[in-house]
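> from the sequence below, what's the structure:
(one chain, ligands or ions: 1)
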Amino acid sequence: MIDINAAARANVHLIDHPLVQHKLTLMRKKESSTNSFRHLLNELSSLMAYEVCRDMALQDIEIETPLERMTAKVIDGKKLVFVSILRAGNGILDGVLSVVPGARVGHIGLYRDPATLQAVEYYFKMPKNMEERDIVVVDPMLATGNSAAAAVSRLKACQPKSIKFLCLLTCPEGINAMYQAHPDVPVYTAAIDRELNSHGYILPGLGDAGDRIFGTQ
Ligand code: URA
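Model prediction:
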């Protein structure tokens, strides 16, 4: 078990709302079916989106209520891009899009080269005009932090206005690695678990998120 660097910990937003914690516990249970795991992930992702969007810019528009004209505030959802790290990140998309339906979606696919252990990109598709957009990268597990950090490096080349990272679960290793690579990228998570095992799984964790979302094991 390793310690979390104090500056890295300060960069983490722990979403400890009781509804989030309750649903996460149900997801962790090994007997949760694929169907209920996916359903819970959807609900949890939409709840977590509220926290990630807390500081989203608002703009004024003129509207008419049934009684009078007023200036009211709206978000420009189109300026937000949710970027899914394939494949497990896709499990978060429906939930976050249910609360920001106008947001755009990008996908990034990375695999680890067994010889060099470096993340290699095999897919990258983003909306246009990324320099005008705020990015929320989504992946259920921030474990070693290798693919997350590689994805963020690749996205920084698009010069977006800002980048945040949203996951369900992380661990000290993931938090430290992400902070070391990208101290300017805040991490939003529902839990910080104890540690990584030698296979790169978070303990106690919830197992392989991709397999549990897609029923592939
Ligand atoms: N990816 C997963 O799906 N689970 C873990 O515990 C770590 C990485």
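> give me the element the residue located most distally from the centre of the chain is part of.
Among the C-alpha atoms of the chain, the one most distant from their mean position (CA atoms, centre = their mean) is that of residue 67, at 41.1 Å. Secondary-structure element containing residue 67, defined by DSSP states H and E: none, the residue being outside all helices and strands.
> report the contact partners of residue 182.
Residue 182 is in contact with 149, 152, 153, 156, 163, counting by CB atoms under 8 Å, 6 or more residues apart in numbering. Heads up, the C-betas are built off the backbone N, CA and C, glycines and all.
> could you turn the buried ones of those into a ChimeraX selection?
A single ChimeraX command selects the buried members of the contacts of residue 182 (16 or more other CB atoms under 10 Å):
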select :149,152,163
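> which of the contacts of residue 182 sit farthest apart?
Greatest spacing in the contacts of residue 182, by CB to CB: 149 and 163 (11.4 Å).
> show me what from this structure comes close to the ligand.
Where the chain comes near the ligand, counting by CB under 6 Å from any ligand atom, the residues are 88, 141, 143, 200, 201, 202, 205, 208, 209, 210.
> which helix of the chain spans the most residues?
Across the chain, the helix with the greatest residue count (assigned by DSSP state H) is helix 34-52.
> any idea how far residue 61 is from the residue farthest from the centre of the chain?
Distance, residue 67 to residue 61, by CB to CB, to the nearest Å: 17 Å.
> remind me which residues of the protein are low pLDDT?
Scanning the chain for pLDDT under 70 picks out 117.
> ok, which stretches of it are helices?
Using DSSP H, the helices assigned to the chain run over residues 6-10, 18-28, 34-52, 90-99, 146-156, 172-181, 209-214.
> got the contact list for whichever strand in the chain runs longest?
Ranked by residue count, the top strand of the chain under DSSP state E comes out as strand 104-112. For strand 104-112, the external contacting residues (CB under 8 Å, 6+ apart) are 78, 80-87, 89-90, 93, 97, 118-127, 133, 135, 146-147, 150-151, 154-155.
> partner strands of that strand, with direction?
Using DSSP bridges, the neighbouring strands of strand 104-112 in the sheet come out as strand 80-85 (parallel), strand 119-125 (antiparallel).
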